[in-house]
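Colleague: Please work out how this folds:
(one chain, ligands or ions: 1)
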Amino acid sequence: MRQKHSDYMQWAKLQSKARFNLATSGVAAFPLSELPCTIDQLEINGDSTYGYAPLQQAIAKKAGVDPDSVVAAAGTSMANHLAMAALIEPGDEVLIEHPAYELLVSTAQYLQASVKRFPRFESDGYALNPAEIRNAITCKTKLIVLTNLHNPTSVLTPESTLREVGDIARSIDAHVLVDEVYLDAVYENTPASSFHLGKEFVTTSSLTKIYGLSGLRCGWILAQPDQARTMWRLNDLFGAAPAHPADLLSANAFQCLDKIRDRARAIVEADRALLADFFASDQGHSFAAVSTQSGTTSFPRLKHGNGDTFLNDLREKHETSVVPGHFFDMPGHFRIGMGVNNEMFTEGLRRVAEATHS
Ligand SMILES: Cc1ncc(COP(=O)(O)O)c(C=O)c1O
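Modeller: Coordinates of the predicted model:
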């Protein structure tokens, strides 16, 4: 049976919330009142056919690409769906990192790809290892899919490694899809999109996770112009046109994107310091964790006891939610999200520690 749902997404929508919600991946919501926009600048209908021109230009300018290489999409979610749908045919082999964001896997399955996985190991600090990709490819591999920063661990893949992955893809005439929705959480020397590394690369991103603008659904794909045209035409089958007021607000947000990003930075960095203290005081007794310099998620492993019982107690007795590791095919792990609210994060972590004693 062809996959037609995502268990993770249903859980995220219906069950992830708790009084102390550490099951997040994005930063706190950015309020409309702080955008430099007034109601008279909004309009309901307008020219949003194959992209609203000012928004196309703003995305292109941010990414340092020609607007012909930009495909606007409803969030990184739709960007990933469109990119995959344009790049593969049913039966093609798609190689996806493990652990991975579940939607990448279920979308490829929905598109009737033959999904294979390549591992990122805890013992290597979850680094992307091109040798694992080289081992897993076959002549049927058409697409290699990864996230940078990595969801769930937030590990950054350096440019030299991405270039190696590009070389592998080129050698078998495949593409590399890099989901970069968390890349702008590298606040200093933010890496450029890997789109710039070669024609094999197609990348996706949005203003959702790191900017707190999820409700605008402003996402995009960077692709070669001929691929971009295919994706625009494909999008006609899915959503035809975006909501014009959202395009107007998104174009407006691009005028002060650095300010919007900085607003969350202090919270993300304070939460990361709290998490580092938390793991330091645990001394590796209850949790094994790979720490990172940036990103909004961490993926610790529970060293003792039953993961399901722990997560259940955490929620039922301690009113705290995290993302269960089984959504990443790694039960025994769980994902913690940073960047929403320092007080909530502090108390949530205290309750995570408490749950290990109950
Ligand atoms: C790796 C990754 N890609 C895409 C998304 C979805 O992003 P968006 O809200 O922009 O659709 C998420 C959300 O958690 C994610 O973690």
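Colleague: contacts, neighbours, all on C-alpha from now
Modeller: Noted.
Colleague: Please name the residues that touch Leu22.
Modeller: Residues counted as contacts of Leu22 (C-alpha atoms under 8 Å, 6 or more residues apart in numbering) are 320-323, 335-338, 345, 348.
Colleague: just these that are near the ligand?
Modeller: Filtering those for proximity to the ligand by C-alpha under 6 Å from any ligand atom leaves nothing.
Colleague: Same list (those) but as TSV, adding secondary structure.
Modeller: Formatted as TSV, those follow (DSSP: H, G, I helix; E, B strand; the rest coil):
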residue	secondary structure
Thr320	strand
Ser321	strand
Val322	coil
Val323	strand
Arg335	strand
Ile336	strand
Gly337	strand
Met338	coil
Phe345	helix
Gly348	helix
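Colleague: pLDDT added to those, as CSV?
Modeller: Shown next, in CSV, are the contacts of Leu22 (pLDDT from 0 to 100):
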residue, pLDDT
Thr320, 98
Ser321, 97
Val322, 98
Val323, 97
Arg335, 98
Ile336, 98
Gly337, 98
Met338, 98
Phe345, 98
Gly348, 98
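Colleague: Closest to Asp313 out of the residues you listed?
Modeller: Thr320 (8.9 Å; C-alpha to C-alpha).
Colleague: pLDDT score for the closest residue to the closest one other than its chain neighbours?
Modeller: When the adjacent residues along the chain are set aside, Thr320 lies closest to Phe20, with 4.6 Å between them (C-alpha to C-alpha, 6 or more residues apart in numbering). Reported pLDDT at Phe20 in the predicted model: 98.
Colleague: my guess is Phe20 contacts Gly348, does it?
Modeller: Yes. With contact defined as C-alpha atoms under 8 Å, Phe20 reaches Gly348; the gap is 5.3 Å.
Colleague: what residues does the stretch 201-350 of the chain put near the ligand?
Modeller: The stretch 201-350 of the chain has residues 206, 208, 214, 219 near the ligand, with proximity defined as C-alpha under 6 Å from any ligand atom.
Colleague: Show me which pair in the residues you listed is furthest apart.
Modeller: Of all pairs drawn from these, the greatest distance, 9.4 Å, lies between Ser214 and Gly219 (C-alpha to C-alpha).
Colleague: Which one of these two is surrounded by more residues?
Modeller: Using other C-alpha atoms under 10 Å as the criterion, Ser214 and Gly219 rank with Gly219 on top: 24 against 20.
Colleague: and that one, what are its bridge partners?
Modeller: Per DSSP bridges, the residues bridged to Gly219 are Ala73, Ser206.
Colleague: who touches both of Ser214 and Gly219?
Modeller: 75, 207-208.
Colleague: so which of these is the most crowded?
Modeller: Most surrounded of the shared contacts of Ser214 and Gly219: other C-alpha under 10 Å gives Leu207, at 26 neighbours.
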